[in-house]
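J.: need a structure here:
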Amino acid sequence: MASGKRRNSIVSDQVKYEIAKELGFAHRISITNGSYDYGELTTRQAGLLVRGLIQKAEELLTQNGVRNNS
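T.: Numbers count the residues shown, from 1 in each chain. Below is the predicted model of the structure:
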């Protein structure tokens, strides 16, 4: 974003970091004073991160008995 500010996310930075760690590119995320910077991620890595978040959400929904009606 041009202003340097990000919108509030429904997923915590810590969760995003853990997914990136599982995928092997957490070292590309800078953490300074509790602020996470994703600027060094490639577009592909960002896409993989989103996919990983979706998979985790689906797993949680399945564990909690919510079924996919599609």
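
J.: From V15, how far out is G47?
T.: As judged by CB to CB, to the nearest Å, G47 and V15 stand 17 Å apart. For every residue, glycine as well, the C-beta is placed using N, CA and C.

J.: Which one's more surrounded, these two?
T.: For G47 versus V15, neighbours defined as other CB atoms under 10 Å are more numerous around V15 (14 against 11).

J.: give me phi/psi at the more buried one?
T.: Backbone torsions for V15, taken as degrees, to the nearest 10, come to phi -70, psi -40.

J.: That one: what's it in contact with?
T.: Applying CB atoms under 8 Å, 6 or more residues apart in numbering, we find V15 in contact with L53, K56.

J.: I'd like the distance between it and G34.
T.: 15 Å.

J.: so where's this structure shaky on pLDDT?
T.: Applying pLDDT under 70 to the predicted model, the residue ranges of the chain that meet it are 1-7, 67-70.

J.: Which parts of it are helices?
T.: When assigned using DSSP state H, the helices of the chain occupy the ranges 13-23, 43-63.

J.: Out of those helices, indicate the one that is most buried.
T.: Neighbour counts averaged per stretch over those are highest for helix 13-23, at a mean of 15; criterion: mean count of other CB atoms under 10 Å.

J.: can you give me the angle that helix makes with helix 43-63?
T.: Taking axes from the mean of the first three to the mean of the last three CA atoms, to 10 degrees, helix 13-23 and helix 43-63 form an angle of 110 degrees between their directions.
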